[in-house]
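**Student:** Task: produce atomic coordinates for the following.
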Amino acid sequence: MIGELTVYERLLADLDAAGARYRLIDHAPEGRTELVSAMRGHDAAHAAKCLVVMVKVGKKQTRYVLAVVPGDARLDLDAVRGLMGGTYVAFAGTEKAEELAGSVSGTVLPISYHPRLELVVDPALLDVPELYFNAARLDRSVALSTEDYVRVAQPRVERIV
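**Tutor:** Below is the predicted model of the structure:
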């Protein structure tokens, strides 16, 4: 929950307020990119795979990154570490990732609503006209115009695959 709205409700409110072009897709509960992409009927490369990464900067500072890559790509952790000036990088633990994302694993949005979660998107994901992602729920997805995604999310765009 963020304030009084769930992350799902906030997403839809933000998309509507921005006049974004999107549609909702209901499907069987699934959070794994390859399987849910097949259910939604699109190539996995059009899915926004969202991964929460922890980056240690020296001994005292920890930064968290919401890394968003094409669904058929592998995240380059070293690239994320380098971008953040880190000394150590790893995937965040499930509990921490879910706390920062505001939703369960497999439903993390490609938009950050937490001040400690920095959004970084690989440019390869932005080459498609429409992005697909679970809508902070396992049983519902969003198909969103890529142009509108960039306008609403305002991501930092860097090579991270």
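**Student:** What's the first helix or strand after the longest helix along the chain?
**Tutor:** Ranked by residue count, the top helix of the chain under DSSP state H comes out as helix 7-17. Using DSSP states H and E, the helix or strand that follows helix 7-17 in sequence is strand 22-26.
**Student:** three-state assignment of the most centrally placed residue in the chain?
**Tutor:** Centroid-nearest residue in the chain, with C-alpha atoms, centre = their mean: residue 110, separated by 2.5 Å. Three-state call for residue 110 (DSSP: H, G, I helix; E, B strand; the rest coil): coil.
**Student:** follow-up on the earlier one: check which helices and strands the longest helix of the chain is in contact with.
**Tutor:** Applying 3 or more C-beta pairs under 8 Å, 6 or more residues apart in numbering; DSSP states H and E, one finds that helix 7-17 contacts strand 140-145, helix 146-153. The C-beta positions use only the backbone N, C-alpha and C, and glycine is treated the same way.
**Student:** Just the residues contacting the last one, thanks.
**Tutor:** Helix 146-153 is contacted by residues 14-15, 18-22, 48, 110-112, 119, 121, 125-126, 128-131 when judged by C-beta atoms under 8 Å, 6 or more residues apart in numbering.
**Student:** how near is the residue in the chain sticking out farthest from the centre to residue 88?
**Tutor:** Computed with C-alpha atoms, centre = their mean, the residue of the chain farthest from its C-alpha average is residue 59, at 27.2 Å. From residue 59 across to residue 88, the span is 10 Å (C-beta to C-beta, to the nearest Å).
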